[in-house]
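*Asks:* Could you work out the structure for the sequence below:
(one chain, ligands or ions: 1)
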Amino acid sequence: MQATADHALERAWEVLESVPDPEIPVVSIRELGILRDVRRAADGQIEVVITPTYSGCPAMSQIAEDVAHALDVAELAPYRIATTLAPAWTTDWITDAAREKLRAYGIAPPTGNCGSHGGSAGQAAEQPITFMPKPLPAPACPHCGSPHTERLAQFGSTACKALYRCLDCREPFDYFKPY
Ligand SMILES: [Zn+2]
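*Replies:* Residues are numbered from 1 along each chain as shown. Sure thing, here's the model as predicted:
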């Protein structure tokens with residue numbers, strides 16, 4: 001039974017790594033750091049752990065549905081999906097490859113690091129989930145690379161993004177806000 005179980009887990013990782021983010025389909029939930037773990041729960045069921053990105057991000061229920069669908073198609077039921085809030089998700093978890101894909105897609109990837117996360121492993125401090133009022137450095141235009149951009153709106157196509165416009169090529173773009 002053990003060998004069978006391991007195969008199922010590997011298979012689950014495989015199918016889940018290809019589940020795209022519902023809002024930004026060029027990157028996977030794995031690349032965004034939303035998919036945290038795929039493991040065996042104490043009762044033997046496959047347990048998928050996902051971390052919500054922004055508080056109240058409406059994509060979260062969609063992501064859970066997509067995860068369930070992918071596992072169903074791969075015939076990996078029974079399984080369950082758990083969400084965890086600690087450690088809190090940060091844009092630091094977005095892989096470099098995913099940042100490049102975001103840029104190619106026309107979304108400016110988050111710049112800089114989220115100060116409170118410093119990269120130390122195992123930091124699981126509870127954090128109030130609020131939008132930080134800290135000033136954001138202006139992101140470079142994903143179309144032409146110009147640093148001359150202006151913010152048009154605090155929230156872009158979703159709460160996770162801000163709407164910017166390039167002052168050089170005049171193209172508007174979404175900026176994936178650091179968090
Ligand atoms: Zn531009």
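
*Asks:* how does this protein divide into domains?
*Replies:* 2-83, 95-176 (automatic domain parsing).

*Asks:* where's the residue nearest to the spatial centre of the chain relative to F176, distance?
*Replies:* Nearest to the mean C-alpha position of the chain, by Cα atoms, centre = their mean, lies L32 at 3.3 Å. The gap separating L32 from F176 is 9 Å, by Cβ to Cβ, to the nearest Å. Where you see a C-beta, it was placed from the backbone N, CA and C, and this is true even at glycine.

*Asks:* go on, T51?
*Replies:* 16 Å.

*Asks:* Neighbour count: those two, which is higher?
*Replies:* It is F176, of T51 and F176, that has more neighbours when counted by other Cβ atoms under 10 Å, with 28 against 22.

*Asks:* May I see the buried residues of the lowest-mean-pLDDT helix or strand in the chain?
*Replies:* Among the helices and strands of the chain, helix 2-17 carries the lowest confidence by mean pLDDT, DSSP states H and E, at a mean of 82. Of the residues in helix 2-17, 8, 11-12, 15-16 count as buried by neighbour count, 16 or more other Cβ atoms under 10 Å.

*Asks:* which one among the residues you listed gets closest to the ion?
*Replies:* L16 (35.0 Å; Cβ to the ion).

*Asks:* before we move on, the earlier item: which neighbouring elements make contact with the least confident helix or strand of the chain?
*Replies:* Using 3 or more Cβ pairs under 8 Å, 6 or more residues apart in numbering; DSSP states H and E, the elements in contact with helix 2-17 are strand 35-40, strand 46-50, helix 59-73.
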